[in-house]
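> sequence and computational prediction follow.
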Amino acid sequence: MRRRLIQSTLAVVLVVIAVFGVSLVIVETRTISNTAQERVDSEALRLASVVDSRLLSAGEVSPRILQGPGMQDRYAVVRIPGRAPIEVGSKPEGDVIRSKEYKGEEGETVVVEEPRSTVTREVGRTLLIIGLVALLAVVAAVLLAIRQANRLASPLTDLAETAERLGSGDPRPRHKRYGVPELDRVADVLDSSAERIARMLTAERRLAADASHQLRTPLTALSMRLEEITLTDDLDTVKEEANVALTQVERLTDVVERLLTNSRDPRTGSAVTFDLDEVIQQQLAEWRPAYRSAGRAVVSSGKRHLKAVGTPGAVAQVLAALIENSLMHGGGTVALRTRVTGNQAVIEVTDEGPGVPSELGARIFERTISGRNSTGIGLAVARDLAEADGGRLEMLQASPPVFGLFLSRSQPAKKPAPQEEPTVR
């Protein structure tokens with residue numbers, strides 16, 4: 001592209017120089033020739049005047065008197081009736097420029113000649129100047145063409161590299177502009193595409209991380225129920241464990257659907273009014289085997305028969321994340337307490353462990369932040385789930401740890417739909 005731009009620019013400049021240069025050479029050559037002719041005519045007229053004045057005053061007419069500054073490199077012949085011709089200067093050889101024959105009042109004639117070589121030299125000097133100017137114009141045009149080609153080609157190379165990086169999975173925007181509106185528009189589009197791809201990749205990675213974390217707990221509980229079935233011969237126990245396993249499968253289905261829904265729109269909730277006791281008892285039933293294996297207990301207390309607004313599956317996932325977090329990082333008995341504050345129902349989850357390290361503090365809800373060797377996304381996902389249903393998850397106390405899930409007790413008032421004005425006919 002650079003070569004084509006330079007060649008096209010140079011071709012245009014050469015055409016312009018050729019058209020105007022040839023015209024200028026023709027005009028200058030004619031002008032120099034006409035000026036030379038006017039000079040010899042003017043000199044002949046001057047000599048005729050001098051001869052007339054000398055003859056009228058009965059003075060001497062000689063080459064010395066007629067010789068002057070204007071006769072340098074010129075030849076003149078003065079013919080006076082009854083006298084020999086008077087020659088001034090050296091007769092030129094070859095082609096000459098001859099003046100008109102001027103006659104004086106006493107009948108004398110004057111003719112002036114000038115060698116055409118003087119015109120040729122002057123035309124040559126003019127052509128040399130025109131050639132130098134044309135050469136400078138060509139050099140300047142080449143330099144400008146190279147600069148313009150680099151200005152246009154380099155951004156295209158950058159944009160091609162940016163597009164290649166986007167295709168290879170590197171969605172970082174360049175935020176580089178070039179001062180050319182068309183190229184800047186392309187750069188804007190590529191940067192916008194890079195930002196959209198980055199958001200999409202982030203959402204996909206977040207979905208994968210959330211899915212792996214949220215599916216782990218139901219799968220663990222399901223595997224425990226299946227193990228219980230394999231270890232017992234009691235038909236009633238098998239039926240009970242199978243029913244619990246089916247509940248776990250339904251929860252897995254709910255988790256997957258919610259993950260897919262949140263990946264499209266994290267604020268798409270299906271909040272309903274539900275009984276908190278059912279969700280809490282379900283979690284206690286799921287986690288008691290794991291706590292029993294660890295030599296610990298999980299209990300519930302507080303106000304009963306509380307109603308809350310939210311998605312039961314999401315609330316169950318939040319409580320599961322808190323209970324699992326206490327199992328992994330806490331100690332002693334884990335207690336789920338329910339209470340009421342204002343128009344909100346609160347579920348507090350606490351244990352008897354050392355609590356959250358002081359250096360973490362409120363950052364415990366940030367992704368990749370963990371007090372021990374874990375993924376660091378459990379509490380972040382739990383907070384997102386709570387906020388998606390209009391609730392909130394907070395750390396009420398660091399040591400011993402107390403986490404509170406706040407849920408509304410009543411559905412938000414819906415705004416009345418605007419009534420259409422009747423159409424007047």
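Good, I have the coordinates. Residues are numbered from 1 along each chain as shown.

> so what does the longest helix along the chain touch, helix or strand wise?
For the chain, the helix that runs over the most residues, judged by DSSP state H, is helix 2-56. When contacts are defined as 3 or more C-beta pairs under 8 Å, 6 or more residues apart in numbering; DSSP states H and E, helix 2-56 sits against helix 63-66, strand 75-79, strand 96-98, strand 102-103, strand 109-115, helix 117-167. To be clear about C-beta, it is placed using only N, CA and C from the backbone, and glycine gets the same treatment.

> what about the shortest one, average pLDDT?
Average pLDDT, strand 102-103: 83.

> same thing with the third one?
With pLDDT averaged residue by residue, strand 96-98 scores 87.

> tell me how far it lies from the chain's centre.
The chain centroid and the centroid of strand 96-98 are separated by 73 Å under C-alpha atoms, centre = their mean, to the nearest Å.

> can you put the helices and strands packed on helix 2-56 in JSON lines and add mean neighbour count and distance to residue 364?
Converted to JSON lines, the helices and strands packed on helix 2-56 look like this (neighbours: other C-beta atoms under 10 Å; distance: least, C-beta to C-beta, whole Å):
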{"stretch": "helix 63-66", "mean neighbour count": "14", "distance to residue 364": "117"}
{"stretch": "strand 75-79", "mean neighbour count": "21", "distance to residue 364": "113"}
{"stretch": "strand 96-98", "mean neighbour count": "16", "distance to residue 364": "105"}
{"stretch": "strand 102-103", "mean neighbour count": "16", "distance to residue 364": "116"}
{"stretch": "strand 109-115", "mean neighbour count": "22", "distance to residue 364": "105"}
{"stretch": "helix 117-167", "mean neighbour count": "14", "distance to residue 364": "36"}
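
> which of those has the lowest average pLDDT?
helix 63-66 (a mean of 75).

> show me what that one is in contact with.
Residues from elsewhere that reach helix 63-66 (C-beta atoms under 8 Å, 6 or more residues apart in numbering): 47, 50-51, 54, 76, 78, 86-88.

> same deal with stretch 127-142?
Residues from elsewhere that reach stretch 127-142, judged by C-beta under 8 Å, 6+ apart: 6, 9-10, 13-14, 17, 21, 24-25, 28.

> let me know the closest of those residues to residue 321.
Proximity of the contacts of stretch 127-142 to residue 321, judged by C-beta to C-beta, is greatest for residue 6, which lies at 65.3 Å.

> number of nearby residues for that closest one?
One way to gauge burial is a neighbour count; for residue 6, by other C-beta atoms under 10 Å, it gives 18.

> that one is in contact with residue 145, isn't it?
Yes: with contact taken as C-beta atoms under 8 Å, residue 6 and residue 145 are classed as touching, separated by 4.5 Å.

> tell me the domain boundaries of the chain?
Domain segmentation of the chain under automatic domain parsing yields 2-137, 269-408.

> looking at the ones you listed, which one is packed in the most?
domain 269-408 (a mean of 18; mean count of other C-beta atoms under 10 Å).
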